[in-house]
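Undergrad: Provided below for reference: sequence and predicted model.
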Amino acid sequence: MKELIIIVLSAVFVNNVVLSQFMGICPFLGVSKQIKSSIGMGGAVIFVMVCATACTYPVYRLLEKFNITYLRTVAFILVIALFVQLVEIVMKKIMPPLYKALGVYLPLITTNCAVLGVTVSNIDEGYGLVQSLFNALGTGLAFSLALILFSGVRGRIEQSDIPAAFKGVPATLAAASIVSLSFMGFAGLFQ
Amino acid sequence: MADNKSSVSVWKEFTKGLIKENPTLVTLLGMCPTLAVTTMAINGIGMGLATTFVLVCSNLVISLLKNVIPKAVRLPSFIVIIAGFVTLISFILQRYIPSLYSALGVFLTLITVNCIILGRAEAFASKNKVFPSILDGLGMGLGFTLSLFTMGSVREILGSGHWLQTNSWEGITIPFLSTHPMLIFIMPAGGFFVLGCLIAIVNKIANRKPPAEISCDNCPSAAICGKNKEQCERKEDAA
């Protein structure tokens, strides 16, 4: 149990997927304009990450059995793309309110490198199924946390007077750098 | 005359990716590898060339198969083609340049979901002939390599006081900076900051109104969410 908590906390704070591993930067910059859309995107990412891990883990074991693990990139991305499509269809049919909240973000997730990244790094780290699921959960939470925190910061940037060349994306990146700096304070939390 | 004109346009396909439509600094695609692997200039070049390889090959195959692939399943097909070439390049690097293979780590696998590649497949290779597609891939790939190299150089020089350092060569030592390196630049925070400054400099030089945000035009996932474009634009308006 203790180990699982450490996996989640270190994924959220120490090795934050966006701010220290640089995965999922595109949605981080694209969707973090409003707190509401950040929460939606974060929720969709947590959901897809955990479920995609639950799908890719058995797939990898299967590949291992036939000794064709080099196909994992191809297999994983197909599983993720398929899964996202499936979730979209099922959600639309069964849970319309949830679809309304998360649906717009779902197609964007296939190319979110954090999802493929977390499934691949679970394998590389040699995690078992339960550990992988918790790592996926932690990574998803880390992504949401970064997105939600940063949407607050961005609200302030929009109102301030910045040099013309820095307006827009450059200022956003500079602010991201400061947020990332603050997360460095968590380094060394766990050994 | 016609020949002359076509050769000019072919040349244009190649050069547009280098500066005018530079994927990282102008259209803001492929940010994740740009930030992650550029702690050293040499890793930037390695990542850029690996991506160029995948981009040229996938553009070639996709433009050959553009009439065979049904429209409804084109994106999964593109992704599988791209993932195949990514597997190939990671085999090649693992065998011949193991140091680069381990330096790039998981980001080598993540070339699969690099928005530049899928974006070019969707926007160019699936609509154009083979030869222009190859040139487009080559230009975009080299433009990506160029910006990765620039960014890697800035971060390496300021952050470690060396330039072009490799496993076997110490690189060019910068006086003063090598004894007093500004470590912040090779940390994640420095990556964000340097990229922000580079984009601002490009904006300033080009005297261009900077993109206020990643809109649908250069949204990394526009290729995937084509059907949701209307929704997406409405969302942008509301925001």
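TA: Received the coordinates, thanks.
Undergrad: right, and the helix or strand after the worst-scoring helix or strand of chain A on mean pLDDT?
TA: Across the helices and strands of chain A, mean pLDDT, DSSP states H and E gives its lowest value to helix A:106-109, namely a mean of 73. Helices and strands here follow DSSP states H and E; after helix A:106-109, the next one along the chain is helix A:113-125.
Undergrad: show me what the helix or strand following that next one is packed against.
TA: Later in the chain than helix A:113-125, the nearest helix or strand by DSSP H and E is helix A:129-159. Other helices and strands packing on helix A:129-159, by 3 or more Cβ pairs under 8 Å, 6 or more residues apart in numbering or on different chains; DSSP states H and E, are helix A:2-9, helix A:25-31, helix A:35-65, helix A:113-125, helix A:169-183. The way it works is simple: take the backbone N, C-alpha and C, and place the C-beta from them, glycine included.
Undergrad: number of residues surrounding B:Gly44?
TA: Neighbouring residues of B:Gly44 were enumerated by other Cβ atoms under 10 Å in any protein chain shown; the total is 26.
Undergrad: the one 4 residues further on too?
TA: Residues lying near B:Gly48 (other Cβ under 10 Å) number 26.
Undergrad: where do the strands sit along chain B?
TA: Ranges of strands within chain B are B:162-163, B:172-173, based on DSSP state E.
Undergrad: quick one: contacts for A:Asn135?
TA: Contact criterion Cβ atoms under 8 Å, 6 or more residues apart in numbering or on different chains gives A:7-8, A:11, A:53, A:118, A:121-122, A:125, A:127 as the residues in contact with A:Asn135.
Undergrad: what is the burial count for A:Ser177?
TA: Around A:Ser177 there are 22 other residues, counting by other Cβ under 10 Å.
Undergrad: just the pLDDT for it.
TA: Model confidence at A:Ser177, given as pLDDT, is 92.
Undergrad: out of the helices and strands packed on helix A:129-159, flag the one nearest chain B.
TA: helix A:169-183 (3.2 Å; Cβ to the nearest Cβ).
Undergrad: list of residues touching the closest one?
TA: Residues beyond helix A:169-183 that count as contacts (Cβ under 8 Å, 6+ apart) turn out to be A:13, A:16, A:19-20, A:28-29, A:146, A:149-150, A:153-154, A:157, A:162, A:166, B:28, B:184, B:188-193, B:195-197, B:199-200, B:203, B:210-211, B:213-214.
Undergrad: wait, what's in contact with A:Val48?
TA: A:Val48 is in contact with A:80, A:83-84, A:87, A:106, A:109, A:115, counting by Cβ under 8 Å, 6+ apart.
Undergrad: pLDDT wise, what is it at?
TA: In this prediction A:Val48 is given a pLDDT of 88.
Undergrad: from B:Ile19, how far off is it?
TA: A:Val48 sits at a distance of 37 Å from B:Ile19 (criterion: Cβ to Cβ, to the nearest Å).
Undergrad: next one: A:Ile35
TA: For A:Ile35, the distance to B:Ile19 - Cβ to Cβ - is 37 Å.
Undergrad: quick one: the least confident helix or strand of chain A near chain B?
TA: Yes. Applying Cβ under 8 Å from any Cβ of the partner chain, one finds that helix A:106-109 is in contact with chain B at A:107-108.
Undergrad: CA atoms only for that helix, dumped as PDB, please.
TA: This file holds the C-alpha atoms of helix A:106-109, laid out as PDB (Å, rounded to 0.1, in the frame of the first residue of the first chain):
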ATOM      1  CA  LEU A 106     -11.600  12.800 -26.300                       C
ATOM      2  CA  PRO A 107     -10.400  12.900 -29.900                       C
ATOM      3  CA  LEU A 108      -7.500  15.200 -28.900                       C
ATOM      4  CA  ILE A 109      -6.200  12.500 -26.500                       C
END
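Undergrad: distance from the chain centre to it, please.
TA: Using Cα atoms, centre = their mean, to the nearest Å, the distance from the centre of helix A:106-109 to the centre of the chain it belongs to is 12 Å.
Undergrad: likewise stretch A:58-66?
TA: Taking Cα atoms, centre = their mean, the mean C-alpha location of stretch A:58-66 is offset from the chain mean by 24 Å.
Undergrad: also stretch A:169-180?
TA: Between the mean C-alpha position of stretch A:169-180 and that of its chain there is a distance of 19 Å (Cα atoms, centre = their mean).
Undergrad: buried set for it?
TA: Counting neighbours by 16 or more other Cβ atoms under 10 Å in any protein chain shown, one finds that the buried residues in stretch A:169-180 are A:169-177, A:179-180.
Undergrad: looking at those, which one is closest to B:Leu60?
TA: Closest to B:Leu60 out of the buried residues of stretch A:169-180 is A:Val169 (31.6 Å), distances taken as Cβ to Cβ.
Undergrad: coming back round to it: what subset of the contacts of helix A:169-183 is buried?
TA: Among the contacts of helix A:169-183, those that count as buried by neighbour count (16+ other Cβ under 10 Å) are A:13, A:16, A:19-20, A:28-29, A:146, A:149-150, A:154, A:166, B:28, B:184, B:188-193, B:195-197, B:199-200, B:203, B:210-211, B:213-214.
Undergrad: now do the contacts for A:Cys55.
TA: A:Cys55 makes contact with A:79, A:83 under the criterion Cβ under 8 Å, 6+ apart.
Undergrad: give the contact list for A:Phe190.
TA: Contacts for A:Phe190 were tallied using Cβ under 8 Å, 6+ apart; they are A:6, A:9-10, A:14.
Undergrad: point out the most buried one among the strands of chain B.
TA: Mean neighbour count (mean count of other Cβ atoms under 10 Å in any protein chain shown) peaks for strand B:162-163 among these, with a mean of 20.
Undergrad: so what strands line up beside that one?
TA: Paired with strand B:162-163 in the same sheet, following DSSP bridges, are strand B:172-173 (antiparallel).
Undergrad: what's the burial count for B:Lys16?
TA: Other residues within reach of B:Lys16, judged by other Cβ under 10 Å, total 16.
Undergrad: ok, and the closest non-adjacent residue to it?
TA: The spatially closest residue to B:Lys16, leaving aside those adjacent along the chain, is B:Gly139, at 6.2 Å (Cβ to Cβ, 6 or more residues apart in numbering or on different chains).
Undergrad: just the buried residues of the contacts of A:Val48.
TA: Members of those that pass the buried threshold by neighbour count (16+ other Cβ under 10 Å) are listed as A:80, A:83-84, A:87, A:106, A:109, A:115.
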